Every structure is written in structure tokens, then in C-alpha cells.
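1. Next comes the sequence, and after it the predicted model I'd like to discuss.
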Amino acid sequence: MLSSTLRALGETVAPARRTLTSRRPVTAINSAAPGVYRTPCEPATVDTEVKKSRFVATCAPCTSADDALAFVRANADLSASHNCWAFRTGESVYRFSDDGEPGGSAGQPIMNAVNASGLDFVVCVVTRYYGGTQLGVGGLIRAYGGAAQLALEKAADTAVEVTPKVDVVICVASAYLGGVYLALDEFKAIKIDEEYSDDGTVHIQVEVELASVNNLKNRVQNATSGRADFKWWPPVE
């Protein structure tokens, strides 16, 4: 597992003579900025009616843009008039769609409701079943935005706080392990894997809070006189 992670980071690993593995999969949380965010634990659905048009809004947690789009595809009713949606996965990763409704009348109001909800890593799909009465752009904005808001409020009841984390790989000579271990303890890093190579290099993979990764890097470099190779995944500026 650690070897594959190093390859993903563009590193090569000398043949290992001893390996300790926790059997824990690598975690990659897509977060655009350090800090805690709130996300729902489970999907929530609300069914509303406006002038005989039915609006079914469903929102759910998602881990990435691909995950959000998969949720949209799974929850779109192709027999309905429109399936409009919006999602956010981090500060700068968001998308929305009017799905054939007049521009700005559906996707943007749903996106506005997502932004106002205080939730992140969340996707919302609002399906419309046309009831025979035109609502106008203003009516559509209120209907789509209102349905999304109700579903998001319901989802917020199950929301939890999540602290973004990243996986860090430290490559260092075994002579510096004492200082590295002290740094890992200081920042409450969780060891995932460790490999000892024949050339005396030790490769340590840990999980640490995203907000602490740069401070941990500085601490490790100080403890090893700048001789440690320190990389994390996913990369964060």
C-alpha cells in the first residue's frame, strides 16, 4: 500500500526488508481549504407543490464532483419535466444546471440555497413534474429555491462536523526516526504504514489534519536538519 502511494507521488522505493501494515486504506478527502465543515450524514427528501407542478427535492452528502454527478444521475427521473441540480465540494468546486428551464431560474436558486445552508460536500437535485400552469421565471426561482431550501434544512438536522485530513509520506534515514516520531506525536498524526528499505531509508505514511500539515512539515524538517522528504496527498497549496 505504501509503495503504491509513493508511486502516485512520483517516488521510487528501495526493496523493503521489513514492513508493518495497518491494513487501513489511504484516505483522500477533497477539501479546498483547511478547516472544519458541516455535511449531512444521510439523504433528505421534500415534496412540494406550486400551482399543480410538483417539486421533489433530494439532497445528500458527497465526497467529490464525480460522486455528486453520480448522485444526480441516480436520482434524476427521466419521465419528469426537468431534473435541476447543484452541488458544492469545497470552497471552489461547485456546479449547477437548469436542465432546460429558463436560464437562472432553477440551478442558480438551488445553488443559492446550498450556499446559504452552511453545508459543504453536499448535492441537491430538484425534480419538477409539470402541472399545466406556467410559473414564469420568478415563480420558478421561488419554487426551485424553496424546495431545495426545505430539503437542505431537513438534511442539516443530521449534519456532522468534518475535519479535512490528508495522507503524508515521510522518507528519512533511520537515524532521525526519534525526532520524526516526536513530531508525529505532537501533531496527533495516525500511522498508516511504515517500510524499512535496504539502503537504510524509512518510509512512514501517516494521516494528519489538513490544517496542521505545513506545521508538521516544518517540525519534521527541523528535527532532521532538513534531510527528510515530506509529501502529502492530495496535494494542497
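-> Received the coordinates, thanks. Numbers count the residues shown, from 1 in each chain.

2. all helices for this protein, in order.
-> Remark: helices assigned in the chain by DSSP state H are 2-8, 65-75, 107-117, 136-156, 177-186, 213-223.

3. gap between the two ends of stretch 164-181?
-> With Cα to Cα, to the nearest Å as the measure, stretch 164-181 spans 22 Å from end to end.

4. buried stuff in that stretch?
-> Residues of stretch 164-181 classed as buried under the neighbour-count rule (16 or more other Cβ atoms under 10 Å) are 164-172, 176-177, 179-180. (Each C-beta comes from the backbone N, C-alpha and C, glycine too.)

5. And for stretch 135-142?
-> Buried, per 16+ other Cβ under 10 Å, within stretch 135-142: 135, 140-141.

6. Could you export these to a markdown table, including columns for pLDDT?
-> Formatted as a markdown table, the buried residues of stretch 135-142 follow (pLDDT from 0 to 100):
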| residue | pLDDT |
| --- | --- |
| Leu135 | 94 |
| Leu140 | 97 |
| Ile141 | 97 |
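
7. Nearest to Asp157 among the residues you listed?
-> Ile141 (25.3 Å; Cβ to Cβ).

8. Domain map for the protein?
-> According to automatic domain parsing, the chain comprises the domains 2-29+165-233, 37-160.

9. Out of those domains, indicate the one that is most buried.
-> domain 37-160 (a mean of 19; mean count of other Cβ atoms under 10 Å).

10. quick one: terminal-to-terminal distance for it?
-> End residues of domain 37-160 are separated by 8 Å (Cα to Cα).

11. Tell me which stretches of the protein form strands.
-> 16-21, 37-39, 44-50, 53-61, 82-88, 94-97, 122-129, 160-162, 165-173, 190-197, 201-209, 229-233 (DSSP state E).

12. Take those strands and write them to JSON lines, including mean pLDDT and distance to Leu184.
-> Output for the strands of the chain, formatted as JSON lines (pLDDT from 0 to 100; distance: least, Cβ to Cβ, whole Å):
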{"stretch": "strand 16-21", "mean pLDDT": "30", "distance to Leu184": "14"}
{"stretch": "strand 37-39", "mean pLDDT": "87", "distance to Leu184": "25"}
{"stretch": "strand 44-50", "mean pLDDT": "95", "distance to Leu184": "39"}
{"stretch": "strand 53-61", "mean pLDDT": "96", "distance to Leu184": "30"}
{"stretch": "strand 82-88", "mean pLDDT": "96", "distance to Leu184": "33"}
{"stretch": "strand 94-97", "mean pLDDT": "95", "distance to Leu184": "35"}
{"stretch": "strand 122-129", "mean pLDDT": "97", "distance to Leu184": "33"}
{"stretch": "strand 160-162", "mean pLDDT": "82", "distance to Leu184": "22"}
{"stretch": "strand 165-173", "mean pLDDT": "90", "distance to Leu184": "8"}
{"stretch": "strand 190-197", "mean pLDDT": "90", "distance to Leu184": "7"}
{"stretch": "strand 201-209", "mean pLDDT": "90", "distance to Leu184": "6"}
{"stretch": "strand 229-233", "mean pLDDT": "86", "distance to Leu184": "12"}
